[in-house]
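Fold the following and give me the result.
(2 chains)
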Amino acid sequence: MNIDSIKNGIVIDHIRAKKGFEIYDALNLGKLDCSVAIITNARSNKMGKKDIIKIDKNIDLDLDILGYIDPNITINIIKNDKLVDKYHVELPKQIVNIVKCKNPRCITSVEQELNHIFVLTDEKNKIYRCKYCDTLKEE
Amino acid sequence: MRHLIEINDLSVEEIEELIEVAKDIMQHPENYWDKCKHKKLATLFFEPSTRTRLSFESAMIELGGDVIGFSSASSSSASKGESVSDTIRIVGGYSDIIAMRHPKEGAALVGSIKSEVPIINAGDGGHHHPTQTLTDLLTISCEKNRLDNLTIGLCGDLKFGRTVHSLISAMSRYKNIKFILISPDELRISEYVKKEILDKYNMDYIETKNMEEYMDKLDILYMTRVQQERFFNEEDYLRLKDYYILNESKLEKAKKDLCIMHPLPRVNEISIEVDDDPRACYFKQAKYGKYIRMALILKLLGINYTRRKI
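Coordinates of the predicted model:
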């Protein structure tokens, strides 16, 4: 299958297979006016199968969202047909307004203006807890 | 500027310092009578809690300061829909320090974020209540003369009881502490506390349903109330509320210098016959609460004090 190469834009690579659409939604890529391609189940020597997203424009990416969904992905920045930068994302120390606290006793349940903040308390097991009430983030 | 939202906001050294100051206040109250002159404590109680509020207010009055505030959400602007953050910012303009209690978990943290005066969390729902834990630590220090090398029995509602969780968390920082966790199956300590405190810090603990099994080993017996508001099912509450009732016969094998504690209020879990036992410390415990709050107010206001050297 051929997907046109990008002249100026971003390639999000090494996405765990089937996670591509989740990232597409979380980054609101559907609202962009440029071409965006999602390749699912691409062959990968390292991963077996992987997803790839190609964005035909250089945009600001929310690295916290990317790191939270899949900390193993790589970001490739393309300028004038050349790879000019490549970096990994990390599991973010905290995530803001990505997931909501479901504890009905949490202050966020009554004060609508508050950000829903989850803090990484156990990096090894990817455990996040609500900053306000310590409730475990549900998967 | 410092706030106190949860007990671990304070280091072991700071807790030790607070305990020493509280003991000095008990011995020489006259040295502290005007330490907070012209200072105001605001007690913002969005849900009623008479004893905690009175403890804070009497603490400030004994330091020579004044007290303003409200004792229920209905008598504050919260009833008009004002946010916690706004209330704190307004009241911070009228006071030097704020003690707040709120039914929602995390409310004190939210209040502290934009506050210009120190915030003391006087209880946020079933979450944190650090001044109760400080009270417990002062009680243990006064009654046992140490905070390490202790076998502590915690009995009753270990699942929902926030005082239990905070005390375990605070005591896990001291050497050679052993916990005996006594509860019915339904109210066993949560996996969260086990995993993130007891197991994480390699604490020595035993779980049992039998109150008397380890009675002879205990240095501290911390009783708790089974709280009706935590149950969705009245039948479960009625079945569990009298599961443990401490009386003199159950104390037969206990050490002569056992310290019996309870955050109060009690319902049936300690028989009134125990009140006259010299090992009953729960009323003293409530009194210690005032002194540790005095020490805390001084610390958070940054007021200097010189303890008399003995």
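
what distance separates the start and the end of stretch B:263-274?
Stretch B:263-274 has an end-to-end distance of 16 Å (Cα to Cα, to the nearest Å).

tell me the centre residue of chain A?
By Cα atoms, centre = their mean, chain A has its centre lying nearest to A:Leu66, at 2.0 Å.

Could you confirm that residue falls within a helix?
Yes: counting by DSSP: H, G, I helix; E, B strand; the rest coil, A:Leu66 is found in a helix.

residues in contact with it?
A:12, A:23, A:27, A:73, A:75, A:89 (Cβ atoms under 8 Å, 6 or more residues apart in numbering or on different chains). For every residue, glycine as well, the C-beta is placed using N, CA and C.

just A:Leu32 next, same as before
A:55, A:57, A:59.

same check, this time on B:Leu138
Contacts of B:Leu138 by Cβ under 8 Å, 6+ apart are B:18-19, B:22-23, B:288-289, B:291-292.

Over to B:Gly289?
Contacts of B:Gly289 (Cβ under 8 Å, 6+ apart): B:55, B:131-132, B:135, B:138.

B:Phe283 too?
B:Asp275.

From the contacts of B:Gly289, which land in strands?
Under the assignment DSSP state E, these contribute nothing to strands.

so of these, which ones are in helices?
Among those, DSSP state H puts B:55, B:131-132, B:135, B:138 in helices.

Can you tell me which of the residues you listed is closest to B:Tyr205?
Nearest to B:Tyr205 among the ones in helices among the contacts of B:Gly289: B:Gln132, at 21.1 Å, using Cβ to Cβ.

so the closest one touches B:Pro263, yeah?
Yes: B:Gln132 lies in contact with B:Pro263 (Cβ atoms under 8 Å); the separation is 5.7 Å.

Break down the chain into its helices, ranges please.
No chain was given, so I picked chain A. A:20-26, A:63-69.

Oops, wrong one, chain B.
B:12-27, B:50-62, B:84-92, B:107-113, B:130-144, B:162-171, B:191-193, B:234-240, B:282-301.

ranking those by mean pLDDT, which is last?
Of all the helices of chain B, mean pLDDT reaches its minimum on helix B:234-240 (a mean of 81).

coming back round to it: can you lay out the contacts of A:Leu66 as TSV showing distance to B:Phe46 and pLDDT?
Below are these laid out as TSV (distance: Cβ to Cβ, whole Å; pLDDT from 0 to 100):
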residue	distance to B:Phe46	pLDDT
A:Ile12	46	95
A:Ile23	41	94
A:Leu27	39	92
A:Ile73	44	93
A:Ile75	46	95
A:Val89	41	92
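
and which of the residues you listed is nearest chain B?
A:Val89 (26.4 Å; Cβ to the nearest Cβ).

Against A:Pro92, how distant is the closest residue to that closest one other than its chain neighbours?
Leaving aside its sequence neighbours, A:Val89 sits nearest to A:Gly67 (Cβ to Cβ, 6 or more residues apart in numbering or on different chains; 4.0 Å). Computed as Cβ to Cβ, to the nearest Å, the A:Gly67 to A:Pro92 distance reads 5 Å.

same deal with B:Leu167?
For B:Leu167 relative to A:Pro92 (Cβ to Cβ), the value is 33 Å.

In chain A, what helix or strand scores lowest on average pLDDT?
helix A:63-69 (a mean of 90; mean pLDDT, DSSP states H and E).

Export only the CA atoms of that one, formatted as CSV.
Taking C-alpha atoms only, helix A:63-69 is exported to CSV below (Å, rounded to 0.1, in the frame of the first residue of the first chain):
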residue,chain,number,x,y,z
LEU,A,63,3.1,15.4,24.0
ASP,A,64,1.4,14.7,27.3
ILE,A,65,-1.5,13.1,25.6
LEU,A,66,0.8,11.1,23.3
GLY,A,67,2.9,9.9,26.2
TYR,A,68,-0.1,9.0,28.2
ILE,A,69,-1.7,6.9,25.4
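
Now that helix: buried residues?
Across helix A:63-69, burial judged by 16 or more other Cβ atoms under 10 Å in any protein chain shown covers A:64-69.

which residues touch the one residue in chain A that gets nearest to chain B?
The nearest approach of chain A to chain B comes at A:Tyr132, 2.5 Å away (Cβ to the nearest Cβ). Shown in contact with A:Tyr132 (Cβ under 8 Å, 6+ apart): A:101, A:106-108, A:114, A:117, B:105-107, B:109-110.

Farthest pair within those residues?
A:Ile117 and B:Ala107 (14.6 Å).

PyMOL command for the buried members of the contacts of A:Leu32?
Per 16+ other Cβ under 10 Å, the buried members of the contacts of A:Leu32 correspond to this PyMOL selection:
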select buried, chain A and resi 55
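
List, out of the contacts of A:Leu32, those positioned next to chain B.
The overlap between the contacts of A:Leu32 and the neighbours of chain B (Cβ under 8 Å from any Cβ of the partner chain) is empty.

Could you list the residues of chain B in contact with chain A?
Counting by Cβ under 8 Å from any Cβ, chain B sits next to chain A at B:83-85, B:102-107, B:109-110, B:124-127, B:192, B:196.

If we use 10 Å, what do you get?
With the criterion set to Cβ under 10 Å from any Cβ of the partner chain, chain B comes near chain A through B:6, B:78, B:81, B:83-85, B:102-111, B:113, B:124-128, B:192, B:195-196, B:200.

what comes up buried for stretch B:14-21?
B:15, B:18-19, B:21.

oh sorry, the question was meant for stretch A:94-109
A:95, A:98-99, A:101, A:103, A:105-109.

ok, now stretch A:125-136?
A:128-135.

How about stretch B:76-95?
Neighbour count says stretch B:76-95 has B:76, B:78, B:83-85, B:87-88, B:91-92, B:95 buried, by 16+ other Cβ under 10 Å.
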